[in-house]
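Trainee: I would like to see how this sequence folds:
(one chain, ligands or ions: 1)
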Amino acid sequence: MTDLLEIDHVTVRFGAASRLRRLLGGDGPVVAVDDVSLRVPRGAALGVVGESGSGKSTLMRAVMGLTGVDAGEIRFDGRRLERRRDVATRRAMQMVFQDPGTTLNPARTVGAVLEELLRVHRVVPGERVARRVEELLDLVHLPASLRDARPHRLSGGQKQRVAIARALALEPRLLIADEATSALDVAVQASVLDLLAELRETTGITLVCITHDLDLVRYLCDSAVVMRSGRVVEAAPVDELFAAPRTDYTRELIAAVPTLTTGNEDQA
Ligand SMILES: Nc1ncnc2c1ncn2[C@@H]1O[C@H](COP(=O)(O)OP(=O)(O)OP(=O)(O)O)[C@@H](O)[C@H]1O
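Mentor: Okay, the predicted model is just below:
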């Protein structure tokens, strides 16, 4: 069987004409993603790590169709993806971002947001919508009472759970978490990571986690790619990556992780 996501020799450049590029004072085009190839098997959890500006988000934005590619090919479920996607393909991949607060409409209740999605995309028949909203809240371990809450009443962790529920409402096969826990307190981060791990187990969803946090990768992912200056410099199963990193860059990233564990755990 083919892998769920296949990225073959993908390059993404941002031209000199880009407004952001001009603001940053640059002149030549930026090669944000440079000839990257990787595979994500069905049901796997892949970590994409690397320092800021290494191209992690651009690569996944290209997968989502939010950024065009200049070269190479992306395939999902064996089918080549064009920049323009049909509705089914758009539904099949969802992304959760660092700051859910900015993507939640302050005027709408949690229940209304989920209901609208389910209705617009006809995920379930009309008479099942209310029940499905309850199920979604339950799936992300939010109390049913939050259905009537507006975002300002929610904690950061609760907002991120709503963002995850919103993504799951469309029954995606691939969930891309872009620094999805990095704005949260450590304890809340851990509970959101537990949730992602649990969802992977219960729903079989395939996960890609873009992160600076190698602890997260160690906890949640089974393999990882390390990016630097738009290129993949190392790709390995997580155990191998931590036990025997092959590049100095990976070693530095591992060494930079603040060790939060205490006691007898192996802190290698
Ligand atoms: N819209 C854009 N226009 C011009 N350059 C861009 C644009 N988006 C990203 N870049 C550049 O592409 C490169 C890769 O950025 P990207 O955001 O993908 O890195 P990242 O690894 O996700 O970083 P971070 O961890 O800080 O989010 C950087 O040099 C960035 O400045």
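
Trainee: Give me the neighbour count for A224.
Mentor: A224 has 26 neighbours, counted by other CB atoms under 10 Å. No exception for glycine: its C-beta is placed from N, CA and C like everyone else's.

Trainee: tell me the phi and psi of it?
Mentor: Per-residue torsions, A224: phi -150, psi 150 (degrees, to the nearest 10).

Trainee: Okay, helices next: where are they in the stretch 51-200 of the chain?
Mentor: 56-64, 87-92, 110-120, 129-139, 156-169, 186-203 (DSSP state H, counting those that start in this stretch).

Trainee: Dump those helices to a markdown table, plus mean pLDDT, distance to the ligand and mean neighbour count.
Mentor: Shown next, in a markdown table, are the helices of the stretch 51-200 of the chain (pLDDT from 0 to 100; distance: least, CB to the nearest ligand atom, whole Å; neighbours: other CB atoms under 10 Å):
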| stretch | mean pLDDT | distance to the ligand | mean neighbour count |
| --- | --- | --- | --- |
| helix 56-64 | 96 | 3 | 23 |
| helix 87-92 | 94 | 21 | 14 |
| helix 110-120 | 96 | 26 | 18 |
| helix 129-139 | 96 | 28 | 17 |
| helix 156-169 | 94 | 17 | 22 |
| helix 186-203 | 91 | 17 | 16 |
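
Trainee: Strands of this structure, start to end?
Mentor: Ranges of strands in the chain, per DSSP state E, are 5-14, 30-40, 45-49, 71-76, 79-80, 93-96, 174-178, 206-211, 223-228, 231-237.

Trainee: Give the pairing partners of the last one; include direction for each.
Mentor: According to DSSP bridges, strand 231-237 forms sheet pairs with strand 223-228 (antiparallel).

Trainee: Contacts for the partner strand, please.
Mentor: With contact meaning CB atoms under 8 Å, 6 or more residues apart in numbering, strand 223-228 is reached by 36, 38, 44-51, 54-56, 59, 217, 232-238, 241, 247, 249-250, 253.

Trainee: quick one: low-confidence ranges for the stretch 151-268 of the chain?
Mentor: 258-268 (pLDDT under 70).

Trainee: related to what we said a few turns ago, ok, which of the strands of the chain comes nearest H121?
Mentor: Evaluated with CB to CB, those place strand 93-96 nearest to H121, the distance being 11.5 Å.

Trainee: Packing partners of that closest one?
Mentor: Contacting strand 93-96 under the criterion 3 or more CB pairs under 8 Å, 6 or more residues apart in numbering; DSSP states H and E are the following elements: helix 56-64, helix 156-169, strand 174-178.

Trainee: CA atoms only for the last one, dumped as CSV, please.
Mentor: Taking C-alpha atoms only, strand 174-178 is exported to CSV below (Å, rounded to 0.1, in the frame of the first residue of the first chain):
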residue,chain,number,x,y,z
LEU,A,174,-4.1,13.7,8.2
LEU,A,175,-3.8,16.2,11.1
ILE,A,176,-0.9,18.7,10.9
ALA,A,177,-0.1,20.3,14.2
ASP,A,178,2.1,23.4,13.7
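
Trainee: Now do it and strand 45-49, the angle between them.
Mentor: 30 degrees (axes from the mean of the first three to the mean of the last three CA atoms, to 10 degrees).

Trainee: quick one, phi/psi of E171?
Mentor: According to degrees, to the nearest 10, E171 has phi 50, psi 50.

Trainee: nearest residue to it other than its sequence neighbours?
Mentor: V123 (6.4 Å; CB to CB, 6 or more residues apart in numbering).

Trainee: could you measure that neighbour against R166, distance?
Mentor: Counting by CB to CB, to the nearest Å, the separation of V123 from R166 is 12 Å.
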